[in-house]
Structure formats: structure tokens, C-alpha cells
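> Next input, structure requested:
(chains A and B)
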Amino acid sequence: MNLLTATKRPRTAEPGKAPRRPPLIRRVLRRPAGAVSLCWLALLTAATLAALLITRYGPLDQDLGHVLAGPTSDHLLGTDNLGRDLLSRVLFGGRSTLLAVGEALVVFLLIGVTAGLASGFLGGWVDWLTVRTADLLFALPGIVIVLVVLSVFPGNLHAAMITFGALGSPGIIRILRSQTLGIREELYVAAAKVAGLTRAQILRRHILPRLISTVIVQAALFAAIVVTVQAGLGFLGLGAQPPNPSWGGLVADASQAIDRAPWMLVPTGVPLVLTVTALALLGDAVRDAAVEGWSVSKLAAAGAAPPAAAASPTEQADAPDAFALEVSDAVAAPPADVPDDTALLSVRNLSIAIGGIPVVQGVSFDISAGETVGMVGESGCGKSVTSLGILGLVPGGGQITGGQVLFDGTDLVGSADALAGVRGTGIAYVSQEPMVALDPAFAVGRQLAEAVRRHRRCDRRTARARVTELLSMVNIPDPEGVARRYPHQLSGGMAQRVAIALALAGEPKLLIADEPTTALDVTVQAEILALLHTLQAETGMAVLLVTHDWGVVADLCHRSVVMYAGQVVEQADVEQMFTRPLHPYTAGLLAANPHLAAEGEPLPTIAGTVPAPRDWPLGCRFAARCDLADESCTTRPVPLTEPAPDRLTRCVHSPRLLLEGTRP
Amino acid sequence: MAIFRLAVRRLLSSAPLLFLVSALTFVLVSLVPGDPARTIVGQHVTVEQYEAVRVQLGLDDPLPVQYWDWLVGVLHGDLGASLFSGEAVTKTLNDRLPVSLSLIVAGTVVSGILGVALGLLSARRGGLLTRAVDLLSLLGLAVPAFWFALVLIAVGAVKLRWFPVTGYVPFADDPAEWARSLVLPVISLSLSAVAVIAKQTRDCVLDTFGRDFIRVMQANGFSRRSILYRHVLRNAAVPVVTVLGVVLVSLLAAAVFVETVFAMPGLGSLTQQATVQHDIPVIQGAVLYITVLVVLVNLLVDMAYNRLDPRVRAA
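Take a look at the predicted model:
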């Protein structure tokens, strides 16, 4: 989650229409930081070159009548201890700065670009040697070597700057090398090679153009460092020899008069600071401009406002009602708005928005104590968001915008206290990817012990015994040994068992398992499912099982909730749903189930894809992919109806489906 | 035991760096126009006297032999004598090392604590603090340490008179004055370090917060405090330590300026003086000391990795 870069991304123009990208320089100038920086640098260059047009004093002209003066109309920036005009000295001193930057940059780029490209493109011993040398040089404090050079060539700033350029090159070498490596591996470069382009042609046509912006960014940042270092050398008395001005030397002059004329620090230091700032900002602006229009995430491309960086990551439970109004239109309230207080979990009209875009709308369902409910649907239908929303943990900076989540009679929506009381002990959670579900920095035993001690106050030894017990419950062979291992030392199936043990630590009444087997091997999948089944029988907890797999639903679940495009489209007992689905989407999913497919025939699929939240139509969201769709489907929102007892469906044709079935 | 083996291995692998730096220095020095013998004897001596000094200094030997002699001397703790004071270079450097170490260790501690705290706060609170950290990291790059040090002197020492303008009081003389004399140097040294560490910490903490295991912990009722201070911080620590290593090396370089501004008798100001005075043996010695410090810093960083990341430990 990189909120910071996300906020910087520009909103793209019309999706689908790919506007021609203006040249890089125009894109940089369009950014305020880029424009201001370039302006300052251009002005500075012009002013130093035309210094005598700006000030009538030479840098060495003394005016002993006005020493250490503050700014006056005569001396705009004041004078130094010999009455020399500071504006003039700053401008003339700037010349040596610009020269130094030029020298260092030329060397930096010559070495950096050549070595970086050669290393990445040629590979082999060239690469080996370059990388080793770069690593060695990278570890050195460059300024110290520059001092050695200056002790050998006293006052020779050219030698110093050339050395510094060389010492700075490892940074850009590393970056260009890895980028070149990346581009070289890309398909179109491989294709170019096959097409018979020479290495030089590939380099010039395919690789160099892609690296230009990186080179500019690195050059700008390095120039910023050079300005500081050059000034530093001048300050140490190793640059331009007095009385000739240099920015660093001017600061040194100011330091001599610090008790009498502290003002002198301002005109001597501020141009320096501003120039370095301008170069750094220019680097940032070029970097941002270079990625403009590229690598825009799906969500951003869909026009979503990026999530506010300010949203604190753990506090997504608070749901301001700012979005509530937007959501309620176009969604007809489903029947049975009143939560069922006999159920363990009763979700009513739950709506969730991410980045201001509703992704889950008006979802309602119940889970009774000890019951297993399967939640089914394709990717992107809102299953995971719903299951995390129950726990008040909407991903991606999203928020619950309406509805109720009653657990044991308490509404969890927007109540941090209620959630804190429920998480772990009332409702526990097992995620999809076991390998990233555990903290890699701690042994699994410590994580489990922390969970145990969080839920029941006990001493360390009791906790450790309970950890062993939990690990045995999830059928881990050597529990003590496994407790000492780190997550990266576990197999996927083992890690998922540990994750389940972690969820069991608080003896929850409801376990939410979000596709707990998707990331695992087929044989391990069966073991984990069998384990869940056993655990449920032993503990009597209820399970909400999010899954793609009808086989799992058939084996484990009592009831099933089918979701499509952020809505519940059908809900029924598993047996009834399998024999007579009352929504064409359910029917399509069932037909696409590989377990039921007839041998020798192609597996039927549902044509098309789930629409993105922004593209949800007013009427039935499945209509575009549905064989039964007609005008009545698309004109207005389709409500959830109950065509038969305990059967809910969101299809205008459900009476017909009830009578005739889905197959013609 | 494993950590000891790691330390030895890392030290051995840093031998090339030490060799490179010392050889580079040596070759550079051999390029000096005019030679140390002339510097010592002056213009008004006979050719014989001059040649005698050259032989005495070993300047008539071929370069590799000179380097070998120097290296053997180094291994015996002999870095030659200063061309100016005549004092043994080893002694000069050893006298000055504690000053630089005080400054750099204090700078590291201050910037480490402040940087991590600021980064954490800005990751947790966001908003204004985030922008403040961005601004700070820009300033850290743009404001040179020596100028910032002078501004601090103008305000904190000259105007407010809270701290001494320059100078260094050894800890053994007066601990309170030692601390007081370090305040302004440490602040000027730490500005850019705090900025770099704060930004890195913030980015790493936000990144860690987005990872799956944090959500799993939240969902299973781990306390907020434990998630933030135990799990997020621990996982964010690895990249932060990397940056800390880089920052430490940059502090060594910045110390040259800060020690000069505050007239502190440390390695950095010594290097500056020796450079101005052309005192080659001192330069060579100082570069060697500073390189050894860099090697030690990198060693510490590696040990910290080893402590923090179980995957590194296993490898």
C-alpha cells in the first residue's frame, strides 16, 4: 500500500482514449515544483553570466566606508568586512559553482551511464567487475577521498570535482544496471533480437529512450549534492582562493563576522539552499512526470479518488455517514430489514465504499450458531470486502457506509469498543495466503502465545501449554518443535494450520475463513478442509467460508450466499440451491463447476467478466452476461425477492426459474 | 558463536575496501608535485643533505616497496610522523578519535531516536505531520551542515548565549560542559540524518501496515499497541537499519565540516587542517581511521540484520 505515491498520481483522462503524451519537458513544466525549480535555475544561470548588468560593483571592489552593512538600496544584499558588495560576490561566486557542477556531472554521467549500461546489457565478467567496484566505492565517504585529492593538488577544484563525480557514479550505475537488466528481459527486446537488430540498435532504439528520465533524475539529485560539496570545500578554504568569491568562501567570511553581522549568513547561505532545493525538486518533478499516465492502478483508472493518506490504517472501523447518501440511491431495500436477533451474526444492508466508490451494497444474511455458510462468487464480487467489513477492517482505506452487523445482539458497525470485544474471541479470521498471514519476524510459538495471553489472562507457562494444545488441535505433528520455527520455515499447509490455530486461540463462536485453501496444493486443500470440518464438530463454532469451489460448499456448508457485483443475488440451503438455482448467475457458476462437468465436453463458462464497481448498471448487474435478460431486467434495480420459502433471489425471472429450472 | 563467525567473515570481506582506499591514497600521494623531503629540508641545503633525507624517508624506493613499507608500519601501529608537528600520527589520531566518536555516536543516537519517533508519528497521524516530514527531508538535503551550524551559533550561542560558541570540553574534565559543548554540533550534524531516517521509517511503517499479517492480527484481536510497537516496528526495522548504516557513514563525512565550524579537535577537523597544510602522513592516517570506522559501521549493520530478520539468520 503506497498511499504516498498514490496521492501524487494525476487523475487520468478518459479511459480507453489514450491521449498522446506531451514531451517530458512539457510534463515537467506543468508541475508547479518543476516549473519553479527550472525557473530558479535558469534565472540563476543567467544572472551569474550577466552579473555586471545586474550590479555595478565588481566582486573585489572595496568600499571601506560601508563595511558589514545590511541591505541598502545601494548594496541590495549588504556588504562584507571589506565593504565588498555581497550581491556581486554571490553572483560571481555562482560561476565557480556552475562550473563545478558541470565538471562533476560530466564525469558522473560518463562513467555512470557507460558502466551501468554495459553492466546490465553485457552481463558476464563486465557486470561482475562493475558491481564489485561499485559496491566498494559506494561504501566510501566520498568527501574524505576528495580531501586527499585536494591535499595532493592544492586548490585544484577541477581535480576535486572530477574525483567527486567518479566517486558518486556507483549510485547511478546500480540503478541503470538493474533497469537495463529489466528491460533486456522484456519480450519486445527479445523479439528485436530475434528480428536481427544489432546490439547497438537495440541499445539506441529500445533501451536508451526508456532510461532518459532516470538519468535526468539522478543527474539532478547528484547536482544538488555537488552544489553542497563544492560550497563545503570552499567553506573549508579548499576552493577558490581569496579574494576570489565562492559560495562556500562567502559563508566562511560570514562566519568570521558572526557576532557583529549575523545578517551576512542570509545572502551567503540562502542562494545555496534554494539552488539545492530547486535541483532536488526538479529531480522529483521529472520522476513524477516520467510515470505520468503509466502504471496507474485499476482503481485510479476507474476514476476513484485515491484513499486519503491521512486515514489511520487501523482505524477504519469508524464510518462517517458522508457516503451514506450517495449509496442509498438506486438500491432498493431488500426484504427483511430487521436484523434477526436469534442469529449469531446478522448482517443487514451492509454497504461498503472504497475511495468513495461503493463496492458492496445492501448485503444481508444471517449465520446461526454452529452453522456453516458458504459465500460464493467470482473474484471482484465483494466477498472478501464483505467478510473483512464484518470485522470492521475494510481493505484499501475503504469504509462502511451503511447497514448493521449484529453479533450476539450487538451492532459492530462504527463501534471500536464492540469490535475490540469481538475480534478474536467472538469472530476470528483466517486469510487466503497463509505464507504472508504470520509475522515473519517472530517464531510462531510467540505469536500464538501472544494471541492466547491476549484472550485469557494467564502466565507464560500456561500460555505455552495452551499453544502446544492449539497446535495439536490443528494436527501439527511435533507442536513444540514447530512453535520454535519461523513462518518462512513452514510449508504452505503447515502455515495455514498455524494460522487456524491462531484464530482458535480466542475460542471464537464464528470463524471467517476467506478462501483458506486457494493458495495451497490440491492434496493439502483437502486436509485443511477436513481439519475445518473436524474443528467445527469439536468446538461447535459457526463458519463463514468464502470460496470459489462448489465442491467445498457441497461438502461443508449448510447454506450458501451467492454474491455478484457487490450484491447478494441468491441465498438458500445448499441442497436446494444445487438442485434448482433461482438465479441465472448461480446456475452459470454451478454449470462451470469442474466437479460436475461431463467428460469429453468443454467446460461451460459464463461469457464476459464481472463489471467494475464504477460500471454497475442501474438494473440487473448480471444482465449483460445473462441468456434470460430482457427489457424488464435493465430498466430499474432488481430487488431481492422470496419466490419460495427460505429462498432469496435477485432475479425478475425467478418465478419462471422456480417452475421451469434454468436450462431451456 | 554464529554471530562471532559472521563478524570475522564480514571483517575479512572488508579487506579489499581497506586495501583499495590505502592504495588509492598512496598512489595519489605519490603524484604530489615536489616531495616531502623538500618540504622538510627547505631550499637552502646541499644536494647530499637533500638526498640523505630522501633515503631516510624511503622516497628513493619504487612505489610498491614504499607502499609495502607503509603497510608493514601500519600493522605495527606506525603511521609515520606529521610533517608539521613531528608528532607520531598514531598518537595524534588516537587523541582525536574520542572527540569524533562523541560527536558521531551522539549524532546517531539523537537522529535515530528523533527520526524513528517522527516517522512513526507521521505514519500514525498523517496529515500535517506527513507534509512536515516531507519538508524536513527536503531541508535535510538542501541545508548544508556547515551553514546550519553557523545559523545555530548565531542564534543559540551569540544571541541567546545558551551554548558555547565553539570548542570541546573532554568528558573527563567536566561531563556537564562536555554535554553542553556537544549540543549545537550534534544538532547541526543530525538535521539531514533525522530527515532521512524519519522518511524511511514512515514509508516502512505504512508499508508494513498494508501487509496481510497485520490485518490477520487485527482481525484476531491483537492489541493495537502490540501490533504497532511489536510487530510493525520490528518488521519496519530492517530497512530502517539499512538507512541507518548509510546515514552513519554520511555523518562521518559531515563531521569534517561540523568539527571545523565548532573548532572541535576531532578527526574531521584534523583532516581539514592536514589537507590545507599538505601534511600527507596525517591525511593517510586519517583516511585509514575513517575507512576502518566505515567498515565497523557496516559490520554493526550486518549484525543488526542478523538480530532482526530470522530469514537472514537462517541463511
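
> Below-threshold pLDDT in the chain: ranges please.
No chain specified, so I'll use chain A. A:1-21, A:187, A:292-337, A:596-598, A:662-664 (pLDDT under 70).

> right idea, wrong chain: chain B
Ranges of chain B meeting pLDDT under 70: B:1, B:32-41, B:312-315.

> Run through the neighbouring helices and strands of the longest helix anywhere in it.
Using DSSP state H to define each element, chain B has its longest helix at helix B:89-125. With contacts defined as 3 or more CB pairs under 8 Å, 6 or more residues apart in numbering or on different chains; DSSP states H and E, helix B:89-125 has these neighbours: helix B:128-142, helix B:175-209, helix B:233-261, helix B:267-277, helix B:280-308. C-betas here are computed from N, CA, C, even on glycine.

> May I have the phi/psi pair for whichever residue of chain A sits closest to chain B?
Taking CB to the nearest CB, chain B has its nearest neighbour within chain A at residue A:424, 2.4 Å off. Backbone geometry at residue A:424, expressed as degrees, to the nearest 10, gives phi 90, psi -50.

> Next, the angle from the longest helix of chain B to helix B:233-261.
For helix B:89-125 against helix B:233-261, the angle by axes from the mean of the first three to the mean of the last three CA atoms, to 10 degrees is 130 degrees.

> buried sites along helix B:89-125?
B:89-90, B:92-93, B:96, B:98-100, B:102-104, B:106-108, B:110-112, B:114-116, B:118-124 (16 or more other CB atoms under 10 Å in any protein chain shown).

> ok and that helix relative to helix B:267-277, angle-wise?
Using the same axes, to 10 degrees, helix B:89-125 lies at 130 degrees relative to helix B:267-277.

> how near is the closest residue in space to the residue of chain A closest to chain B that isn't next to it in sequence to residue A:89?
Of all residues not flanking residue A:424 in the chain, residue B:221 sits nearest, at 2.4 Å (CB to CB, 6 or more residues apart in numbering or on different chains). Distance from residue B:221 to residue A:89, counting by CB to CB, to the nearest Å: 66 Å.

> Mind checking which of those two has more residues around it?
Set residue B:221 next to residue A:89 and count neighbours by other CB atoms under 10 Å in any protein chain shown: residue A:89 wins out with 30 against 25.

> can you tell me the residue of chain B closest to chain A?
For chain B, CB to the nearest CB, closest residue to chain A: residue B:221, 2.4 Å.

> so the longest helix of chain B versus helix B:175-209, what angle?
On the basis of the same axes, to 10 degrees, helix B:89-125 is oriented at 50 degrees to helix B:175-209.

> can you give me how far helix B:89-125 is from the chain middle?
9 Å (CA atoms, centre = their mean, to the nearest Å).

> how far off helix B:280-308 does that helix point, in degrees?
Orientation check (the same axes, to 10 degrees): helix B:89-125 against helix B:280-308 gives 40 degrees.

> For the spatially most central residue of chain B, which non-adjacent residue is spatially closest?
Centroid check for chain B by CA atoms, centre = their mean gives residue B:252 as the closest residue, at 2.2 Å. Spatial nearest neighbour of residue B:252, excluding adjacent residues (CB to CB, 6+ apart): residue A:141 at 5.1 Å.

> list the contacts for the nearest residue to residue A:157 once chain neighbours are set aside?
Excluding the flanking residues, the one nearest residue A:157 by CB to CB, 6+ apart is residue A:239, at 5.4 Å. Counting by CB atoms under 8 Å, 6 or more residues apart in numbering or on different chains, residue A:239 makes contact with A:96, A:155, A:157, A:230, A:233, A:246, A:248, A:249.

> quick one, domains of the chain?
Reading this off chain A. A:24-296, A:345-426+A:506-660, A:439-505 (automatic domain parsing).

> Chain B was what I was after
If you go by automatic domain parsing, chain B breaks into B:2-75, B:90-314.

> Report the secondary structure state of the residue nearest to residue A:157.
Of the three states, residue A:239 takes coil under DSSP: H, G, I helix; E, B strand; the rest coil.

> Show the backbone phi and psi for it.
phi -100, psi -140.

> and it, how far is that from residue A:537?
Distance from residue A:239 to residue A:537, by CB to CB: 81 Å.

> residue farthest from the centroid of chain B?
Residue farthest from the centre of chain B, counting by CA atoms, centre = their mean, is residue B:46 at 45.2 Å.

> burial of residue A:165, as a residue count?
25.

> any idea which helix or strand carries it?
helix A:157-185 (DSSP states H and E).

> mind listing what's buried in that helix?
A:157, A:159-177, A:179-180, A:183-184.

> Tell me which helix or strand comes right after it.
Using DSSP H and E, the helix or strand that follows helix A:157-185 in sequence is helix A:187-194.

> what angle do that following helix and helix A:157-185 make?
Using the same axes, to 10 degrees: helix A:187-194 against helix A:157-185 is 90 degrees.

> Please name every helix or strand in contact with helix A:187-194.
helix A:199-202.

> Now with 6 Å, please.
The helices and strands touching helix A:187-194, judged by 3 or more CB pairs under 6 Å, 6 or more residues apart in numbering or on different chains; DSSP states H and E, number zero.

> What residues sit buried inside that helix?
Applying 16+ other CB under 10 Å to helix A:187-194 flags A:189, A:192 as buried.

> And for the residue nearest to residue B:252, the neighbour number?
Residue A:141, neighbours per other CB under 10 Å, totals 22.

> quick one: it and residue B:251 touch, right?
No. If you go by CB atoms under 6 Å, residue A:141 and residue B:251 don't touch, sitting 9.1 Å apart.

> ok, now how distant is the closest residue to residue A:533 other than its chain neighbours from residue A:651?
In space, residue A:533 comes closest to residue A:556 once its chain neighbours are excluded; the distance is 5.9 Å by CB to CB, 6+ apart. According to CB to CB, residue A:556 and residue A:651 sit 26 Å apart.

> Repeat that for residue A:437.
Distance, residue A:437 to residue A:651, by CB to CB: 37 Å.

> before we move on, what about residue A:581?
10 Å.

> Give me the more crowded residue out of those two.
Set residue A:581 next to residue A:651 and count neighbours by other CB under 10 Å: residue A:651 wins out with 28 against 25.
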